[in-house]
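Visitor: Take a look and give me a structure for this.
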Amino acid sequence: MHRDLESFRSSVEEAVDNHPVVMDNTYTKWFAKGEASRDEVRHLAVQFSVFSHQFVEAQLRKVINAADLQTYRAGKEILMNELGVIYRPAGGRVPVADGDLDPEVVGTEGSVDASTFRFSAAHFEWLLNFGEPLGLGFGDMGKRRHATPSTRFFCDELLRIYGAEDPSVAEGASFAVEHWAAAGFWKELIAGLKAFKDRECPLLPLGFWIWHDKIEDQHAAHTSDELGQAFASDIRKAGVTFDTPPAKDGPATACCYVMVTPDGERTMNTFLGAAQNLYPADVDAGMIEASAFTYLEGYLWDPPHAKEAFRKAATIAHGAGRHVALTLSDAFCVSRYRAEFIDLIKTGTVDLVFANESELKSLYETADFGTAVAALRGDAKLAVVTRSEKGCVVVSKAGTIEVPAAPIKEFIDATGAGDLFAAGFLFGLARGRDHKTAAQLGALAAAEVIQHIGARPEVSLKDLAKQNGLPL
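Guide: Numbering: from 1, shown residues only. Next up, the predicted model:
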């Protein structure tokens, strides 16, 4: 699967990054020479003004068709900025005064949230200011009727693809547009416009073009790893401490394509990417010593250096009187590393094991669940085996506890069920709850996530626990 995804990624990069419009745009190369006449500069202004207005409509469709709240809000950031809400730097003030706004000094970083709206900060109005010294007015710009056939075709395709209801189509279009915009054509247009300004139009304001060039320079710095930026942002917004610095080289951030069937089951195509580059030197001893549990992911047991990192983390945790948990992750992982996983359990390197029924049966090479549980009880300090609608079994030296699954209205998507269960169970243990209560918290969290598409809760799990009478 890794090779398949890498092949797909290479095909995408070849098709997008090396497309002639991106890498060898004959129009912008010509324009950069500064030979454009007044009529040709007017033509550029009019066609770009049409695109500017059509992009607003496409961005609105993208917001309406967003697959989740995070994407919805990210889309609104762009939409509202296009319409005149200025980006406000984190913890700072909008760096502009009232009145007409110069796009050359308007910030390119921050958020529109709690910021300032100005009519004159709208991108189309910047273009109107650009058109004025060229003899263009409001009635000459921005309308669909002003578009050439090629501009109209481009804008129609933008509406259809960038604003598509299918999120995979829309995100693919975003990827292509981002690479196109970050490829440097803004600089070529600015070079030509500066030459024209110096030659015959000294009052021509270039702020619209300079602002977009600045913001695309920022995007270009991280466009190859946007998933990493999104992950870091989203996990911090969820209230999780995430101080891991981005890698300066090597593979990109991991990603996973999840295909969900109508019965709620799913299959995955996973690219582990930078996650496989976990080395012992990356282990943060202070963070582990401060954590009640260190959670190890079986998916990452492949590389030798990751194994060393796992063992180092376990040693640090135990030295600080903390605990180590391991999830077996997948029956295929178990089949590859059965003996090594059993050794981690028997030697006490891990204190808590998470497994589903198929992983447990694979671990002990038996089709009988009772036999597998008995073997696990003999080897592990503590383990939890999830059984889908049958609930879970908590296994310890003292015996076994069966906890039923939390009730649901509709089973939509199994993605994230195991992770949410582990999160709830670990939360309960870290708060000093007994095994049964911890399992109930895990079951409740899993029940929430399987009733919608996606692996993130859509309601507060804290509030959900309170509503169901579970102690926090």
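
Visitor: Surely Val63 is in contact with Met80?
Guide: No - counting by Cβ atoms under 8 Å, Val63 stays clear of Met80, with 9.6 Å between them. No exception for glycine: its C-beta is placed from N, CA and C like everyone else's.

Visitor: Where does pLDDT dip in the stretch 101-250 of the chain?
Guide: 101-105, 168, 182, 218-227, 229-230 (pLDDT under 70).

Visitor: Could you rerun that using 90?
Guide: Within the stretch 101-250 of the chain, the segments meeting pLDDT under 90 span 101-112, 114-116, 165-185, 213-250.

Visitor: can you map out the helices along it?
Guide: For the stretch 101-250 of the chain, applying DSSP state H, counting those that start in this stretch gives helices covering 123-131, 149-157, 167-181, 185-200, 207-222, 226-237.

Visitor: Using CSV, please lay out these together with mean neighbour count and distance to Thr349.
Guide: As requested, the helices of the stretch 101-250 of the chain are exported to CSV (neighbours: other Cβ atoms under 10 Å; distance: least, Cβ to Cβ, whole Å):
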stretch, mean neighbour count, distance to Thr349
helix 123-131, 22, 57
helix 149-157, 14, 56
helix 167-181, 17, 40
helix 185-200, 18, 54
helix 207-222, 17, 37
helix 226-237, 15, 27
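
Visitor: so can I have a markdown table of these showing distance to Ala320?
Guide: Shown next, in a markdown table, are these (distance: least, Cβ to Cβ, whole Å):
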| stretch | distance to Ala320 |
| --- | --- |
| helix 123-131 | 54 |
| helix 149-157 | 58 |
| helix 167-181 | 42 |
| helix 185-200 | 52 |
| helix 207-222 | 35 |
| helix 226-237 | 24 |
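
Visitor: List just the one of the ones you listed that sits closest to Ala380.
Guide: The minimum distance between Ala380 and these falls on helix 226-237, with 29.7 Å, by Cβ to Cβ.

Visitor: Give me the buried positions along the helix or strand just after the closest one.
Guide: Once helix 226-237 ends, the next helix or strand along the chain (criterion: DSSP states H and E) is strand 255-260. By 16 or more other Cβ atoms under 10 Å, the buried positions in strand 255-260 come out as Val258.

Visitor: how far off helix 185-200 does the longest helix seen in the chain point, in degrees?
Guide: Counting by DSSP state H, the longest helix found in the chain is helix 38-64. Computed by axes from the mean of the first three to the mean of the last three Cα atoms, to 10 degrees, the angle separating helix 38-64 from helix 185-200 equals 150 degrees.

Visitor: What is the following helix or strand past helix 38-64 packed up against?
Guide: Using DSSP H and E, the helix or strand that follows helix 38-64 towards the C-terminus is helix 69-83. Secondary-structure packing of helix 69-83 (3 or more Cβ pairs under 8 Å, 6 or more residues apart in numbering; DSSP states H and E): helix 38-64, helix 123-131, helix 226-237.

Visitor: Kindly indicate whether Val393 is helix, strand or coil.
Guide: strand (DSSP: H, G, I helix; E, B strand; the rest coil).

Visitor: Pop the domain breakdown of this structure in here.
Guide: With automatic domain parsing as the criterion, the domains of the chain are listed as 15-225, 275-467.

Visitor: For the ones you listed, give me TSV that also has distance to Cys256.
Guide: Below are those laid out as TSV (distance: least, Cβ to Cβ, whole Å):
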stretch	distance to Cys256
domain 15-225	13
domain 275-467	9
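
Visitor: and of these, who's closest to Tyr257?
Guide: domain 15-225 (8.8 Å).

Visitor: rewinding a little: quick one: which of the helices and strands packed on helix 69-83 is nearest Val449?
Guide: Between the helices and strands packed on helix 69-83, helix 226-237 lies closest to Val449; by Cβ to Cβ that is 15.4 Å.

Visitor: Assign a three-state SS to Tyr295, would you?
Guide: Strictly by three-state DSSP, Tyr295 counts as strand.

Visitor: contacting residues for the nearest residue to it once chain neighbours are set aside?
Guide: Leaving aside its sequence neighbours, Tyr295 sits nearest to Ala325 (Cβ to Cβ, 6 or more residues apart in numbering; 4.9 Å). Counting by Cβ atoms under 8 Å, 6 or more residues apart in numbering, Ala325 makes contact with 293-296, 350-354, 422, 426.

Visitor: Ser388 too?
Guide: 356-357, 405, 417.

Visitor: Just the closest of those to Phe154, please.
Guide: For these, the nearest to Phe154 is Ala417 (43.2 Å; Cβ to Cβ).

Visitor: Surely the closest one is in contact with Val449?
Guide: Yes - using Cβ under 8 Å, Ala417 is in contact with Val449, at 6.1 Å.

Visitor: What degree of burial does Phe138 show, as a neighbour count?
Guide: Around Phe138 there are 13 other residues, counting by other Cβ atoms under 10 Å.

Visitor: so which of the helices and strands packed on helix 69-83 comes closest to Phe369?
Guide: helix 226-237 (35.2 Å).

Visitor: wait, which of the helices of the stretch 101-250 of the chain is closest to Arg73?
Guide: helix 226-237 (9.5 Å).

Visitor: ok, the nearest residue to Gln276 once chain neighbours are set aside - contacts?
Guide: Closest residue to Gln276 apart from its sequence neighbours, by Cβ to Cβ, 6+ apart: Pro303 at 5.3 Å. The contact partners of Pro303, by Cβ under 8 Å, 6+ apart, come to 276-278.
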